[in-house]
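Peer 1: Sharing a model that was predicted from the sequence below.
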Amino acid sequence: MVSLTALWLPIVLSAIIVFVASSIIHMVLPFHRSDYKQLPEEEKILDVMRGAGVKPGLYHFPYCSHKEMNTPATQEKFKRGPVGLAAIFPSGPPALPKFLGLWFVFCLIISFFTAYLTGRTLGAGVHYLVVFRVAGTAAFMSYGLGNLSNSIWKGQPWCNTMKEVVDGLIYGLLTAGTFGWLWPR
């Protein structure tokens, strides 16, 4: 068993490495450029939304309660379409520094729990590949597999989700390599 205090360096360094890698994947490489589409007649739709006073939040349309779900009127709304979810952010430019800060904290949290699991499972001096396997599995499950629910429940296209799973695999491998490299001897 290895204490968390002995793993502070791989926790912080793996979070930094994943943060930099994700920045490269999302801002430099063309891998994610096709993830989002523009609404047809976007200005008209945005004018209608502004006029309706749509506030930040997550919207499901057509909206209905569980009781209304199977009524003929609601079923007709679903048949007519469109059907979907919309995440509405506050007006103004995207808060990129806030999002990047939260992403880094998320990376630290994943590295912390990867360290916790790996440190409780393995002892000091364990071979690199053993540490790599345990840390990589934990990190991949956190970064990659949680994204599957976006396609299952939120209608995200499967091709987008599979890209996120590949991202998660890369982040998991980077985390695993960092933990294997810096594992206490």
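Peer 2: Here it is on my side, so go on. Everything numeric here is computed off the predicted structure, so don't read it as measured data.
Peer 1: From here on, just use CA atoms for contacts and neighbour counts.
Peer 2: Noted.
Peer 1: for stretch 156-175, which positions count as buried?
Peer 2: 156, 160-175 (16 or more other C-alpha atoms under 10 Å).
Peer 1: So for it, mean pLDDT?
Peer 2: Mean per-residue pLDDT for stretch 156-175: 97.
Peer 1: So what touches it?
Peer 2: Identification of contacts with stretch 156-175 by C-alpha atoms under 8 Å, 6 or more residues apart in numbering yields 14-15, 17-18, 21-22, 31-32, 35, 111, 132, 135-145, 147-148, 150-151.
Peer 1: Show the buried residues in those.
Peer 2: 14-15, 17-18, 21-22, 111, 132, 135-145, 147-148.
Peer 1: for Gly172, helix, strand, or coil?
Peer 2: Gly172 falls in the helix class when you classify it by DSSP: H, G, I helix; E, B strand; the rest coil.
Peer 1: any idea how far Pro30 is from it?
Peer 2: Per C-alpha to C-alpha, to the nearest Å, Gly172 is found 21 Å from Pro30.
Peer 1: for Phe61, same thing?
Peer 2: 31 Å.
Peer 1: Comparing these two, which shows the higher neighbour count?
Peer 2: Using other C-alpha atoms under 10 Å as the criterion, Phe61 and Pro30 rank with Phe61 on top: 13 against 10.
Peer 1: Leaving out chain neighbours, which residue sits closest to Ile88?
Peer 2: Pro56 (4.6 Å; C-alpha to C-alpha, 6 or more residues apart in numbering).
Peer 1: mind listing what the residue nearest the centre of the chain touches?
Peer 2: For the chain, the residue sitting closest to the mean C-alpha position, by C-alpha atoms, centre = their mean, is Asn147 at 6.0 Å. Contact partners of Asn147, counting by C-alpha under 8 Å, 6+ apart, are 161, 164-165.
Peer 1: cool, Leu4 as well?
Peer 2: 115-116, 119.
Peer 1: sorry, back to before: so which of the contacts of Asn147 belong to helices?
Peer 2: 161, 164-165 (DSSP state H).
Peer 1: Could you pull out the buried residues of stretch 110-120?
Peer 2: Neighbour-count burial for stretch 110-120 [16+ other C-alpha under 10 Å]: 110-119.
Peer 1: Sounds good, over and out.
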